[in-house]
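Colleague: give me coordinates for this.
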Amino acid sequence: MKPVLYVGNINYSSWSLRPFIALRWAGIDFDMVEVNLDQPGYGEYAIAEILAFNPAGKVPALRVGEIVIADSLAIAEWASETGRSLYPQDPLERAMVRSVVAEMHSGFAAVRRDLSMNIRRRCRAFGLPADTLRDIARLDALFAGHRQHRDGPFLFGQRTLADAFFTPVATRFRTYGIALSADAQAYCDTLLADAAFLEWEQKVLAQPHAGFSRAPIDQLYA
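Modeller: Numbering: from 1, shown residues only. Predicted coordinates:
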């Protein structure tokens with residue numbers, strides 16, 4: 001029986017995109033079930049459809065047999081340990097990957113707040129507050145700094161979990177027309193051209209467009 005990845009609305013759910021990419025890169029065959037988050041209980045972790053498989057009330061979640069793995073990082077780590085490794089062989093390089101993944105997983109709150117993932121949309125952000133601009137500057141420096149010293153197009157040269165975790169950020173920068181340095185933009189272009197992301201994007205574009213009523217995602221910078 002194949003693992004089942006439960007995800008939120010694929011146009012909007014950055015947390016769901018990350019483990020999808022990790023599972024694809026690790027070579028693990030799985031099914032995916034999309035749960036519409038635009039329903040009663042959103043924002044309160046009380047959507048009945050999600051509670052039926054994850055008592056924490058959150059997606060993404062991966063069911064493997066009778067076990068449910070919750071949280072995007074836990075799923076991605078399982079994928080890397082079960083399939084093809086998504087970490088470098090060198091211990092210090094692995095530690096660096098974990099460091100930037102942890103920074104993404106727990107940080108950049110202002111970017112999350114002001115530049116919500118919205119794969120379909122194209123607009124230009126304006127009037128961004130200082131904390132959001134600091135987040136953008138840090139991400140630009142992180143992308144450019146790592147890329148300048150690597151052989152290969154990804155953050156650490158070859159694909160790692162770091163790239164899976166930064167792919168949603170690349171979509172946000174594209175959606176809102178955020179200007180980046182040349183090296184950082186080249187890295188984002190690499191992520192957005194990857195086959196796993198393009199598969200996800202095609203799933204988004206194949207769906208009938210439906211706005212999200214419980215958050216102002218589609219009205220930002222209109």
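Colleague: now the longest helix along the chain: buried residues?
Modeller: Assignment by DSSP state H gives helix 130-147 as the longest helix of the chain. Within helix 130-147, the residues that qualify as buried by neighbour count (16 or more other C-beta atoms under 10 Å) are 132, 135, 136, 139, 140, 142, 143, 144, 146, 147. C-beta coordinates here come from the backbone N, C-alpha and C atoms, glycine included.
Colleague: mind giving me the domain ranges of this structure?
Modeller: 4-84, 91-201 (automatic domain parsing).
Colleague: what mean pLDDT does the shortest one have?
Modeller: Across domain 4-84, the average pLDDT comes to 97.
Colleague: which one of the buried residues of helix 130-147 is nearest to residue 171?
Modeller: residue 139 (12.8 Å; C-beta to C-beta).
Colleague: show me what contacts that closest one?
Modeller: Residues near residue 139 by C-beta atoms under 8 Å, 6 or more residues apart in numbering: 108, 111, 166, 169, 184.
Colleague: can we see that at 10 Å?
Modeller: For residue 139, the contact set (C-beta atoms under 10 Å, 6 or more residues apart in numbering) comprises 103-104, 107-108, 111, 166, 169-170, 172-173, 178, 180, 184, 188.
Colleague: likewise for residue 175?
Modeller: Counted by C-beta under 10 Å, 6+ apart, residue 175 has contacts 115-125, 220-221.
Colleague: repeat the analysis, applying 7 Å as the threshold.
Modeller: 118, 121, 122 (C-beta atoms under 7 Å, 6 or more residues apart in numbering).
Colleague: just name the closest of the buried residues of helix 130-147 to residue 58, please.
Modeller: residue 135 (23.0 Å).
Colleague: so that closest one sits right up against residue 108, yeah?
Modeller: Yes - taking C-beta atoms under 7 Å as the definition, residue 135 is a contact partner of residue 108 at 4.8 Å.
Colleague: which residues are in contact with stretch 193-200?
Modeller: Stretch 193-200 is contacted from outside by 10, 17, 20, 21, 24, 25, 167, 191, using C-beta under 7 Å, 6+ apart.
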